[in-house]
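Novice: Next input, structure requested:
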Amino acid sequence: MSGMVVDPQSKESLSPRGHQRTGPGRALIAAGWTLRVAGIVVGLGGTGWFRAGFRDGRLPAGLHQPLWWLGELGAVVAAVLGLRLLGVGRRLVVRGKQHTTPTIDSFDRVLGTRYVLYLRPFYNDPILAEQPLDISGGSGTSDAIFFISGLTHEEALTRRFRRFGRVVAVGRPNERLPLPGASRGYLPDDDQWKKAVSRLIRHAHVVLLTAGDGPGTVWEFTEALRILPPERLVLLVYGTPDDYDSFRRALGEYYASRSSEEPGAPDSGRWPALPALPDFPPPARPRRPWWEVVVNGGRSRLRWDFVLKGVVVFDPDWRATFVRFDPTAVRVPSVLTLNRLVKRRLRPTIEQLAALPPRG
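Specialist: Reported below is the predicted structural model:
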């Protein structure tokens, strides 16, 4: 993370606003949506025409007819062209959003409002800036790809939590353009950044913190432990079980050092005990029964997984619960069933956050 902005000239040099072009950004969004719609129409037409060539008893006779082969080849070309148009359109929309997304002039203006603070290691940004490539969990029909979400992973995350306030984040210093999703403000990379982030944590309605073993992230967790009511913290878990274990080890080492050298909670001066973070839950069903293997195209294991593996939430005594988004719990993965899984698993957390009183 970065530090407190005090010099307007320094702030301006860190902000990507000078590189943003609103007019061209809007044009990119319009062009992107046009290509997306064209890709959907052309792609669905191609896949529909291809399947039609195998219906109504056409296949035996068609194998001996050049026109049948040309028609099927044209259908494949149309489907591939549709995918290309769709992909280019999605990327253009994201680029346009980077030019049109407003940035935060000063975090001081945020402190008096209701907001959700999104903290993460900067190295996680490229992952969250990507768009999903598979919405069916390794199953579903070929048409499903044409209805894939155009949102980046960060945009999808912020949409789930924006009901609790504007989602804000500290942007990477000197990044050329902001990423779509959380509203970014910029802080210089000096020794004062912790003071700025501490103020943001203290006044946030909810804090979303991505687990990571970097020194900035483990400091942010211990700072939330020190000054934030536990039920307002949501730990986001990306990556592998090994990545999560690495975070737990780094957190334990840093907590032991910091709690012995610095004062704890502002009201008592004491540090809360470090929460025992739960283990990364194993898959509910590592292998499928035979009938699911048949339904899912011969795949005995579901190798696809969510980018956000789950969240860790806390009760008022800092007892932690790992809420895993486990795709193996869905017997026939599809857009609908996987979305329902995430909503169902996340519902208790959303209800807990919705019941929180406003910050003073």
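Novice: Please count neighbours and contacts with C-alpha atoms only from this point.
Specialist: Will do.
Novice: So for stretch 252-271, what gets flagged as buried?
Specialist: Buried residues in stretch 252-271, counted by 16 or more other C-alpha atoms under 10 Å: Tyr255, Ser259, Gly264, Ala265, Trp271.
Novice: Now the first one: closest residue in space that isn't a chain neighbour?
Specialist: In other words, Tyr255. Leaving aside its sequence neighbours, Tyr255 sits nearest to Thr222 (C-alpha to C-alpha, 6 or more residues apart in numbering; 6.6 Å).
Novice: What's the separation between that neighbour and Ala156?
Specialist: 27 Å (C-alpha to C-alpha, to the nearest Å).
Novice: more neighbours, those two?
Specialist: Per other C-alpha atoms under 10 Å, whichever of Thr222 and Ala156 has more neighbours is Thr222, with 21 against 15.
Novice: Checking the more buried one next. Helix, strand or coil?
Specialist: Assigned by DSSP: H, G, I helix; E, B strand; the rest coil, the conformation of Thr222 is helix.
Novice: Surely it is in contact with Glu253?
Specialist: No: shown here, Thr222 and Glu253 do not form a contact pair, counting by C-alpha atoms under 8 Å, at 11.1 Å.
Novice: Tell me the confidence at the residue nearest to Tyr255?
Specialist: With respect to pLDDT, Thr222 has a value of 97.
Novice: For the remainder of this discussion, apply numbering that starts at 31.
Specialist: Shifting the count to begin at 31 puts that one at Thr252.
Novice: ok, it to Tyr145 distance?
Specialist: 20 Å.
Novice: hmm, back to that, and the buried residues of stretch 282-301, which two are furthest apart?
Specialist: For the buried residues of stretch 282-301, the farthest-apart pair by C-alpha to C-alpha is Tyr285 and Ala295; their separation is 13.6 Å.
Novice: residues contacting Ala61?
Specialist: Gly119, Leu122, Val123 (C-alpha atoms under 8 Å, 6 or more residues apart in numbering).
Novice: If you could redo that for Val353, that was the one I meant.
Specialist: Counted by C-alpha under 8 Å, 6+ apart, Val353 has contacts Gly340, Val341, Val342, Val343, Arg375, Leu376.
Novice: Please, which helix or strand holds it?
Specialist: strand 350-354 (DSSP states H and E).
Novice: Strands of the protein, start to end?
Specialist: In the chain, the segments counted as strands under DSSP state E are 145-149, 196-200, 213-215, 236-240, 263-268, 338-344, 350-354.
Novice: Can you say which of those strands is nearest to Gly62?
Specialist: Closest approach to Gly62 among these is made by strand 213-215 (22.0 Å; C-alpha to C-alpha).
Novice: Counting by contacts, list what that closest one packs against.
Specialist: Judged by 3 or more C-alpha pairs under 8 Å, 6 or more residues apart in numbering; DSSP states H and E, strand 213-215 is in contact with strand 196-200.
Novice: one more time with 10 Å
Specialist: Packing contacts for strand 213-215, counted by 3 or more C-alpha pairs under 10 Å, 6 or more residues apart in numbering; DSSP states H and E, involve strand 145-149, strand 196-200.
Novice: which residues sit against it?
Specialist: 35, 41, 44-46, 131-137, 140, 147-148, 188, 196-203, 208 (C-alpha atoms under 10 Å, 6 or more residues apart in numbering).
Novice: mind redoing it with 6 Å?
Specialist: Residues from elsewhere that reach strand 213-215, judged by C-alpha atoms under 6 Å, 6 or more residues apart in numbering: Thr133, Ile134, Val198, Ala199, Val200, Gly201.
Novice: The third one reaches Leu147, doesn't it?
Specialist: Yes: here Val198 lies in contact with Leu147, judged by C-alpha atoms under 6 Å, at a distance of 5.2 Å.
Novice: Contacts only, for Val118.
Specialist: Contacts of Val118 (C-alpha under 6 Å, 6+ apart): none.
Novice: how close does it get to Phe137?
Specialist: With C-alpha to C-alpha as the criterion, Val118 and Phe137 are 35 Å apart.
Novice: The nearest residue to Leu371 once chain neighbours are set aside: how many residues sit nearby?
Specialist: For Leu371, ignoring the flanking residues on the chain, the nearest one in space by C-alpha to C-alpha, 6+ apart is Phe355 at 7.2 Å. Phe355 has 23 neighbours, counted by other C-alpha under 10 Å.
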